[in-house]
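Enquirer: Only the shape, not the letters, is given here:
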């Protein structure tokens with residue numbers, strides 16, 4: 001794959017009655033693909049958005065689409081005061097937008113009326129062909145590898161990247177930001193693409209233990 005694509009989107013929800021929510025949302029997604037070699041490709045993606053109005057849309061950043069062994073932030077505003085009960089403010093639930101991927105970071109890790117997300121990937125061949133007989137007969141074709149780094153933030157009001165007011169990106173714990181890095185495999189199993197990733201979350205002061213992720217679906 002070589003080239004680029006982008007999307008500029010504007011959403012408007014008008015006020016239909018005295019209790020209905022109303023907001024404006026402007027978002028932009030830009031992706032650039034470089035063909036390094038015949039089988040090697042590099043991706044850079046920028047996604048960003050902002051929402052305003054009486055009931056601004058809520059962006060929740062973290063996780064990956066169709067995450068099978070998912071983890072989530074129980075303190076996210078979508079859960080209200082308890083992880084077992086959804087908030088009474090149903091507009092937060094129905095009108096929130098989920099921003100992914102930030103692999104190795106929990107769903108809903110950060111939230112707010114503004115966000116940005118940077119994704120970088122190096123894709124390369126890993127296994128051209130493998131035929132397994134035990135425990136099940138499986139033929140694997142074109143298993144691909146990927147190295148990735150994800151950096152993003154979600155906030156309301158003024159962006160505060162770090163807890164301490166400093167400019168150093170290391171040794172300064174994140175406040176509104178999230179990031180991770182790692183590598184994974186993309187395995188086509190006939191009917192769907194299985195994504196397996198090993199990721200380390202970086203919180204500004206250090207890396208987490210390795211986290212294993214299993215998900216299904218296409219790549220960026």
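Expert: Now that the structure is in, tell me what you want to look at. Remember, it's a predicted structure, so these values are computed and weren't measured experimentally. Numbering: from 1, shown residues only.
Enquirer: Let's test this: name the helix or strand in the chain with the lowest mean pLDDT.
Expert: helix 90-95 (a mean of 75; mean pLDDT, DSSP states H and E).
Enquirer: Can you identify the element that follows that helix toward the C-terminus?
Expert: Moving toward the C-terminus from helix 90-95, the next helix or strand (DSSP states H and E) is strand 97-99.
Enquirer: Okay, buried residues for that following strand please.
Expert: Neighbour counts over strand 97-99 (16 or more other CB atoms under 10 Å) mark 97, 99 as buried. (C-beta placed from N, C-alpha, C; glycine too.)
Enquirer: Next, the buried residues of the host helix or strand of residue 30.
Expert: Take DSSP H and E as the rule and residue 30 turns out to sit in strand 23-35. Of all the residues in strand 23-35, those buried under the rule 16+ other CB under 10 Å are 23-25, 27, 29, 31, 33.
Enquirer: average pLDDT across that strand?
Expert: Across strand 23-35, pLDDT averages out at 97.
Enquirer: can you pull the buried residues of the very next helix or strand once past that strand?
Expert: Toward the C-terminal end, the helix or strand that comes next after strand 23-35 (DSSP H and E) is strand 41-52. Neighbour counts over strand 41-52 (16+ other CB under 10 Å) mark 41-43, 45, 47-51 as buried.
Enquirer: and the helix or strand that strand 41-52 is followed by, which strands flank it?
Expert: Past strand 41-52, further along toward the C-terminus, the next helix or strand under DSSP H and E is strand 59-61. Strand 59-61 pairs in its sheet with strand 97-99 (parallel), strand 110-112 (antiparallel), by DSSP bridges.
Enquirer: Any stretches of this structure with poor pLDDT?
Expert: Under the criterion pLDDT under 70, the flagged ranges of the chain are 80-90, 165-170.
Enquirer: show me where it has strands.
Expert: Assigned by DSSP state E, the chain shows strands spanning 3-13, 23-35, 41-52, 59-61, 97-99, 110-112, 114-132, 138-155, 177-188, 193-201, 211-216.
Enquirer: and those strands, which is most packed in?
Expert: Greatest average neighbour count among those goes to strand 59-61 (a mean of 27), per mean count of other CB atoms under 10 Å.
Enquirer: for it, the distance to its chain's centre please.
Expert: The chain centroid and the centroid of strand 59-61 are separated by 9 Å under CA atoms, centre = their mean, to the nearest Å.
Enquirer: what's the answer for stretch 193-206, then?
Expert: Put simply, stretch 193-206 sits 11 Å off its chain's centre (CA atoms, centre = their mean).
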